[in-house]
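**Q** Based on what follows, work out the 3D shape:
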Amino acid sequence: MKAESPRVLIVEDDTEIARLVKINLEDQGYEVDQIYDGAEGYQRIKEQPYDLIILDIMLPGMDGLEICKKIRADEYDIPMLMLTAKTEEFDKVLGLELGADDYVTKPFGIRELMARVKALLRRSQQSADSDAEAGEQEKIEFGDITIEPSKHKVRIGDQSIDLTEKEFKLLHLFMKNPGRAFSRDELLNEVWGYQFGGYEHTVNTHINRLRSKIEQQPSDPRYLKTVWGVGYRFIEQEEME
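**A** Reported below is the predicted structural model:
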């Protein structure tokens, strides 16, 4: 973990749920703040460092999906766990596509929530450790694409390209494994986590967005190929024209 006592922000307007979650997190030694208004929660995230955000979808001021979208647009690399009502399937899918890292459906068991929290914090630390190790590998160059993992930067020629966290992780994974075909399930597991099984269309959406940023002709991609019946792969060096 990034600190002895990870800091968690709860943005939830149901005071009983917020209180229950706060008590259980504090019992585990976490430092916890809670906010009941979406706009206030978003402002707090911008002002103070947190290791994890627990975010309800339905909030006054600004809903959780809008907060998630803004946080990822601002390039804050903070794990976000969304709370969603049982019937909000569309919102769950949209939340994942906007950059949420996990979700829990209400009503939820506190043990399940705590397990998800611990898993996200563990994955976040592993990602940070991986980024530190990647610092030894200053850059990967392929054609006119250059990725610098330790700096979280991508260039096409001399032009910097802005990628979301998930787009960056996808590109890094592909460029580390040229020629390997990844299924959508494998990509979900590697980039989003095993708990997102069944959301393969989320992968398709992110692949399309990534192609729009790195390919001259996204409809006829040079680098990121579709493997019909399997998934996607990044071309090998010998395939370069």
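**Q** how much space between the closest residue to Gly143 other than its chain neighbours and Glu141?
**A** Closest residue to Gly143 apart from its sequence neighbours, by Cβ to Cβ, 6 or more residues apart in numbering: Met240 at 5.8 Å. All C-beta spots, glycine's among them, are computed from the backbone N, C-alpha and C. Met240 sits 12 Å away from Glu141, going by Cβ to Cβ, to the nearest Å.
**Q** Could you chop this structure up by domain?
**A** 7-132, 137-239 (automatic domain parsing).
**Q** got the ones you listed as TSV, with mean neighbour count and mean pLDDT columns?
**A** Output for those, formatted as TSV (neighbours: other Cβ atoms under 10 Å; pLDDT from 0 to 100):
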stretch	mean neighbour count	mean pLDDT
domain 7-132	18	86
domain 137-239	16	87
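**Q** which residues touch Thr15?
**A** Contacts for Thr15 were tallied using Cβ atoms under 8 Å, 6 or more residues apart in numbering; they are Tyr36.
**Q** same deal with the one 3 residues further on?
**A** Applying Cβ under 8 Å, 6+ apart to Ala18 gives the contacts Ile10, Glu12, Gln34, Tyr36.
**Q** Can I take it that it is in a helix?
**A** Yes - residue state for Ala18 (DSSP: H, G, I helix; E, B strand; the rest coil) corresponds to a helix.
**Q** Contacts only, for the nearest residue to it once chain neighbours are set aside.
**A** Take Ala18 and drop its neighbours on the chain: the residue closest to it by Cβ to Cβ, 6+ apart is Glu12, 4.3 Å away. Applying Cβ under 8 Å, 6+ apart, we find Glu12 in contact with Ala18, Val21, Gln34, Tyr36, Ile54, Leu55, Asp56, Leu59, Leu83.
**Q** One more pass at 10 Å, please.
**A** Contacts for Glu12 (Cβ atoms under 10 Å, 6 or more residues apart in numbering) come out as 18-22, 34-36, 38, 41, 54-56, 58-59, 64, 83.
**Q** From the residues you listed, which land in strands?
**A** Residues of the contacts of Glu12 located in strands (DSSP state E): Gln34, Ile35, Ile54, Leu55, Asp56, Leu83.
**Q** still on that earlier bit, quick check: the residue nearest to Ala18 vs Asp51, distance?
**A** With Cβ to Cβ as the criterion, Glu12 and Asp51 are 17 Å apart.
**Q** quick one: Val11 and Val32 touch, right?
**A** No - look at Val11 against Val32 with Cβ atoms under 10 Å: they stay out of range, at 11.7 Å.
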